Structures are given as structure tokens and as C-alpha cells.
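Undergrad: sequence? don't have it. structure:
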């Protein structure tokens with residue numbers, strides 16, 4: 001995640017990595033918040049994004065699964 005923060009200093013708002021229960025189908029979940037939907041969409045095609053995707057095999061044998069969330073309620 002530090003590579004994402006370093007590569008996108010002006011469009012990345014925050015990132016968080018969480019572990020999941022041992023009986024979950026996955027063991028790690030990363031949540032990344034971008035300034036705009038366009039910033040998120042540019043990730044796979046940008047040079048920095050391609051470097052990040054190339055780094056994934058250093059941490060996982062599985063390809064990442066992307067889910068775009070839309071907040072419907074919350075608090076500050």
C-alpha cells in the first residue's frame with residue numbers, strides 16, 4: 001500500500017488493509033479511497049498503476065478482485 005500512496009499522492013485519499021476471519025474465503029482485504037471515480041478508473045492504464053499490478057505477485061498468488069463501493073449512509 002505504501003507504493004500506491006507514493007504513486008498517487010494527489011488522487012489517493014486513504015488506504016486500509018484488514019485481515020478477515022480464518023473461515024472467510026479470503027484472508028486480506030484492502031480498501032483504497034480515491035478523490036474521484038476517474039482517479040480509480042485510471043489505475044489499470046496508468047504507468048504507476050501497471051507497476052502496482054506488477055508488484056501484486058510479490059504478496060499474493062491470487063489475482064486481486066476489485067469491488068467498487070458506493071456509500072449510502074455514514075458518519076464523520
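TA: Yes, it's here. Not measured: the values here are computed from a predicted model.
Undergrad: Which residue ranges of this protein form strands?
TA: In the chain, the segments counted as strands under DSSP state E are 12-19, 28-34.
Undergrad: Quick check: longest helix in this protein by residues?
TA: helix 47-55 (DSSP state H).
Undergrad: tell me what that one is packed against?
TA: When contacts are defined as 3 or more C-beta pairs under 8 Å, 6 or more residues apart in numbering; DSSP states H and E, helix 47-55 packs onto helix 2-7. C-beta: built from backbone N, CA, C; applies to glycine.
Undergrad: Would you check that residue 1 makes contact with residue 12?
TA: No. Counting by C-beta atoms under 8 Å, residue 12 is not a contact partner of residue 1; they are 9.5 Å apart.
Undergrad: and the residue nearest the centre of the chain, bridged to which residues?
TA: Centroid-nearest residue in the chain: residue 32, 4.3 Å away (criterion: C-alpha atoms, centre = their mean). Beta bridges link residue 32 to residue 15, judged by DSSP bridges.
Undergrad: and it, what is it in contact with?
TA: 1, 4, 12, 14-15, 40 (C-beta atoms under 8 Å, 6 or more residues apart in numbering).
Undergrad: Next, the most far-flung residue of the chain relative to its centre: phi, psi?
TA: Computed with C-alpha atoms, centre = their mean, the residue of the chain farthest from its C-alpha average is residue 23, at 22.5 Å. Main-chain dihedrals, residue 23, degrees, to the nearest 10: phi -90, psi 0.
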